[in-house]
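J.: give me the fold of what follows.
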Amino acid sequence: MPAPFSPSSAWRSPGRIARLTSRLAAKLPKNRVIPRAEFDAYVDDYANTIAGNAPLTIKAVKVVVKECLKDDADRDHDLCAAVVDDCFKSEDYVEGRRAFMEKRKAEFKGK
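T.: Below you'll find the predicted structure:
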């Protein structure tokens, strides 16, 4: 069974990985065709979106996506749970929630 999301879409909003369902994932774009004139701006925006996430979240997404691309029997579900749990226990999680409530950009420290 394929992973319930595409790796490329996971980077855009890593906090939603756990909430995706197979039905929703079928509707997500897997690829894009970007006009040549818009390509550099699109890539810059995409990279900035990824870089704007908390470092622990980026790490967790890398681990979870890598594991989800494996056959289910080979996936390390405990590792996935641990890296996500680390995010929720982090100072960055508190900072991200606080920044959202205060309507400001979060200042993540990777802790």
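J.: point to the helix or strand of this protein where mean pLDDT is at its lowest.
T.: helix 22-25 (a mean of 51; mean pLDDT, DSSP states H and E).
J.: for the very next helix or strand once past it, name the packing helices and strands.
T.: Sequence-wise, the next helix or strand beyond helix 22-25 is helix 36-51, with elements assigned using DSSP states H and E. With contacts defined as 3 or more CB pairs under 8 Å, 6 or more residues apart in numbering; DSSP states H and E, the secondary structure elements packing on helix 36-51 are helix 7-12. C-beta here means a position set from N, CA and C on the backbone, and glycine is covered the same way.
J.: pLDDT below threshold where in the protein?
T.: Applying pLDDT under 70 to the chain picks out residues 1-30.
J.: and for this structure, the residue most distant from the center?
T.: Note on the chain: the largest C-alpha distance from the chain mean falls to residue 37, namely 27.0 Å (CA atoms, centre = their mean).
J.: for it, give its distance to residue 78.
T.: To residue 78, residue 37 is 46 Å away according to CB to CB, to the nearest Å.
J.: and residue 102, by the same measure?
T.: Look at residue 102 and residue 78: by CB to CB, they are 35 Å apart.
J.: same thing with residue 88?
T.: In this view, residue 88 and residue 78 are 16 Å apart by CB to CB.
J.: got it, and residue 72?
T.: As judged by CB to CB, residue 72 and residue 78 stand 14 Å apart.
J.: also residue 46?
T.: Spatial separation of residue 46 from residue 78 under the definition CB to CB is 31 Å.
J.: next: residue 57.
T.: Taking CB to CB as the criterion, residue 57 is separated from residue 78 by 19 Å.
J.: of the two, who's got more company?
T.: Comparing residue 57 with residue 78 by other CB atoms under 10 Å, the one with more neighbours is residue 57, at 23 against 8.
J.: tell me which helix or strand that one sits in.
T.: In this structure, residue 57 sits in helix 55-68 according to DSSP H and E.
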